[in-house]
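In: My questions are about this predicted structure, shown below with the sequence.
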Amino acid sequence: MDEENQRSVPVLPWMRHPLDVTRCEQLSLRRVPFLDCRLKSALENMKISKLFPVQVALWQETIGPGNFERDLCINSPTGSGKTLAYALPIVRKLLPTSTVKCLRALVVVPTRDLALQVKQVFDAIALPLGLRVGLAVGQSSVADEISSLVYLPGEEEGVDPGFLSPFWFQSKVDILVATPGRLVDHVNLSRGFTLKHLHYLVVDEADRLLREDYQSWLPTVLKSTQSSNNDDGGGGGDDVFQLGFPYSPWSRRSCGVERGSNPHSRLAKVVLSATLTRDPGRLVQLNLHHPLFLSAGKMRYRLPENLESFKLICERKVKPLYLVALLKSLGEEKCIVFTRSVDSTHRLCKLLNCFGDLQIDIKEYSGRQHQRVRSKTLNEFRKGQFQVLVSSDEMTRGMDVEGVRNVINYDVPKYIKTYVHRAGRTARAGQTGRCFTLMSNDEVGRFKRLMKKAEASACLEHNVPSHLIEELHSTYQLALSKLKEIILESRRKPKDKSCQ
Ligand SMILES: Nc1ncnc2c1ncn2[C@@H]1O[C@H](COP(=O)(O)OP(=O)(O)OP(=O)(O)O)[C@@H](O)[C@H]1O
């Protein structure tokens with residue numbers, strides 16, 4: 001059963017009294033303690049002049065007095081800046097860089113497009129400091145990908161070849177952003193790929209990653225990072241790259257965590273979402289160390305401060321007509337339309353493209369498309385080459401596209417969690433944004449109950465101008481007939497083939 005529908009989910013003791021992130025003030029960069037000057041200028045190049053509250057809170061718990069002594073679980077709204085909140089302290093902690101690279105930080109996210117986005121954030125702040133960031137997302141074959149992550153024997157740079165064992169593997173990257181499936185492929189199949197030297201593990205969009213098994217990615221990762229007390233960091237298997245090395249910068253996670261006068265190393269974990277799970281059964285899998293829970297506000301679900309929610313009531317059979325009228329009334333503004341499934345995304349997109357002279361460019365984005373097509377569409381949308389993206393839910397978690405002013409729920413979401421993630425594609429980073437939900441009269445009650453589960457979820461009724469509906473009525477009828485023809489044609493085609 002979905003966690004939201006369970007009557008009484010037991011809450012773990014450490015989750016009962018979270019630190020309220022909203023109590024932190026934004027902090028200008030010059031007032032951030034221990035901020036390396038190169039990091040500061042990298043942030044300035046990103047046009048960032050102050051840290052957001054969640055970023056200040058994490059900085060305190062990692063670089064500040066908290067010193068990463070506890071694992072951190074963060075529940076903070078969409079668009080509040082969680083990516084930089086973990087990227088910044090990790091990059092700061094990985095300084096000074098060693099001359100010999102090893103993989104010290106791993107970020108796991110559920111989708112490729114999100115991984116690319118997170119890598120860009122790390123690149124912006126890590127590259128100027130000499131740290132390298134890799135990607136393991138299955139964009140290319142396992143063999144091609146591993147060659148971008150690990151120096152194969154004989155390929156090392158800047159190391160005296162006479163000094164190297166023929167079995168040497170050395171990481172090319174300090175930080176890796178990965179999707180779970182491909183990560184497991186590398187752990188299981190790629191010679192030279194090791195997680196034994198990992199200091200930091202980030203699980204972003206954690207509720208989604210913990211909900212799905214993805215080839216048992218979590219136990220696989222945790223097992224691969226384990227080191228026993230007298231472990232020298234090499235762990236058997238293929239990890240022979242330290243053999244005979246006189247000193248061992250990799251031998252233990254020496255800069256992982258030091259507690260009091262009894263320094264010891266462990267893998268420090270950061271777990272985040274805008275809708276973090278509170279299910280003990282799921283959280284226990286993370287094997288968290290003395291976890292600290294940071295949350296924004298009192299309720300589990302919170303919408304962005306500058307988001308306005310609207311409901312648009314219409315009869316079911318004229319929903320597409322109302323959608324088009326709404327899109328027209330929004331003018332040129334970038335907009336994402338969400339539907340409940342990949343099939344309805346496809347159908348709706350087809351129908352919208354049957355409206356003759358709509359003068360709105362619309363494209364589909366869903367799990368049914370090839371990754372290459374999806375990434376291309378997303379890039380074009382980012383560049384503003386078209387205006388409306390029609391999307392299914394699964395692909396859009398964490399997606400950050402500048403200038404999205406409106407989100408439209410073509411179908412009422414089943415769960416508040418879905419509403420939070422959909423609506424959160426707008427009103428990001430303190431910007432304003434609007435979320436419209438289309439519904440029939442008999443759905444209003446359920447929608448109202450759904451919205452009560454979230455903080456800041458007031459929802460007004462929105463009406464599209466009636467003249468627009470009237471004007472579009474005949475075009476709508478034509479579009480429906482055109483779609484019918486297309487469907488009939490596509491059904492005829494295979495039959496024709498078999499007749500030949
Ligand atoms: N300190 C800052 N100042 C200005 N902009 C910022 C700052 N931190 C992050 N941003 C911008 O805010 C936007 C949202 O950040 P981010 O994608 O990290 O949000 P998020 O909390 O991870 O959202 P989601 O839960 O949807 O994944 C990004 O465009 C990012 O560049």
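Out: Happy to help now that I have it.
In: how near is the nearest residue to Phe293 once chain neighbours are set aside to the ligand?
Out: In space, and not counting its chain neighbours, Phe293 is closest to Pro18: 4.2 Å by C-beta to C-beta, 6 or more residues apart in numbering. Just so you know, the C-beta spots here come from the backbone N, C-alpha and C atoms, and that holds for glycine as well. Going from Pro18 to the ligand by C-beta to the nearest ligand atom, to the nearest Å gives 16 Å.
In: so Pro18 sits right up against Met299, yeah?
Out: No - assessed by C-beta atoms under 8 Å, Pro18 is found out of contact with Met299, at 11.2 Å.
In: If you count surrounding residues, which of those two has more?
Out: Pro18 (19 against 15; other C-beta atoms under 10 Å).
In: tell me the contacts of that one?
Out: The neighbourhood of Pro18, defined by C-beta atoms under 8 Å, 6 or more residues apart in numbering, consists of Asn75, Phe293, Leu294, Ser295.
In: give me phi/psi at it?
Out: Main-chain dihedrals, Pro18, degrees, to the nearest 10: phi -70, psi 160.
In: Show me which residues of the stretch 151-300 of the chain sit near the ligand.
Out: Proximity of the stretch 151-300 of the chain to the ligand (C-beta under 6 Å from any ligand atom) is limited to residues Ala274.
In: quick one: the nearest residue to Leu288 once chain neighbours are set aside from Val109, how far?
Out: In space, not counting the residues next to it along the chain, Leu288 is nearest to Asp71; the distance is 4.3 Å by C-beta to C-beta, 6+ apart. Distance of Asp71 to Val109, computed by C-beta to C-beta, to the nearest Å: 18 Å.
In: So for these two, which residue has more residues nearby?
Out: Taking other C-beta under 10 Å, Asp71 and Val109 do not tie; Val109 has more neighbours (27 against 21).
In: Can you give me every residue that contacts that one?
Out: With C-beta under 8 Å, 6+ apart, Val109 has these contacts: Ala115, Val118, Val177, Ala178, Thr179, Asp204, Glu205, Leu209, Gly398.
In: Let me know the secondary structure of the last one.
Out: Reducing the assignment to helix, strand or coil with DSSP: H, G, I helix; E, B strand; the rest coil, the entry for Gly398 is coil.
In: Could you give the average pLDDT over stretch 132-145?
Out: Mean pLDDT, stretch 132-145: 92.
In: Do me a favour and get the end-to-end distance for that stretch?
Out: Stretch 132-145 stretches 15 Å from its first residue to its last (C-alpha to C-alpha, to the nearest Å).
In: Which residues in that stretch does the neighbour count mark as buried?
Out: Counting neighbours by 16 or more other C-beta atoms under 10 Å, one finds that the buried residues in stretch 132-145 are Arg132, Val133, Gly134, Leu135, Ala136, Val137, Gly138, Gln139, Val142, Glu145.
In: Now stretch 75-93 - C-alpha only, PDB.
Out: Only the C-alpha atoms of stretch 75-93 are listed here, as PDB (Å, rounded to 0.1, in the frame of the first residue of the first chain):
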ATOM      1  CA  ASN A  75      12.900  17.300   3.400                       C
ATOM      2  CA  SER A  76      12.800  20.600   1.600                       C
ATOM      3  CA  PRO A  77      10.400  22.000  -1.100                       C
ATOM      4  CA  THR A  78      11.000  21.700  -4.800                       C
ATOM      5  CA  GLY A  79      13.200  24.400  -6.200                       C
ATOM      6  CA  SER A  80      14.700  25.300  -2.700                       C
ATOM      7  CA  GLY A  81      18.200  24.600  -3.900                       C
ATOM      8  CA  LYS A  82      18.900  21.100  -2.500                       C
ATOM      9  CA  THR A  83      21.400  20.200  -5.300                       C
ATOM     10  CA  LEU A  84      23.800  23.000  -4.300                       C
ATOM     11  CA  ALA A  85      23.000  22.300  -0.700                       C
ATOM     12  CA  TYR A  86      24.900  19.000  -0.900                       C
ATOM     13  CA  ALA A  87      27.200  19.700  -3.700                       C
ATOM     14  CA  LEU A  88      28.900  22.700  -2.000                       C
ATOM     15  CA  PRO A  89      29.900  21.000   1.200                       C
ATOM     16  CA  ILE A  90      31.000  17.800  -0.600                       C
ATOM     17  CA  VAL A  91      33.300  19.800  -2.900                       C
ATOM     18  CA  ARG A  92      34.600  21.800   0.100                       C
ATOM     19  CA  LYS A  93      35.300  18.600   2.000                       C
END
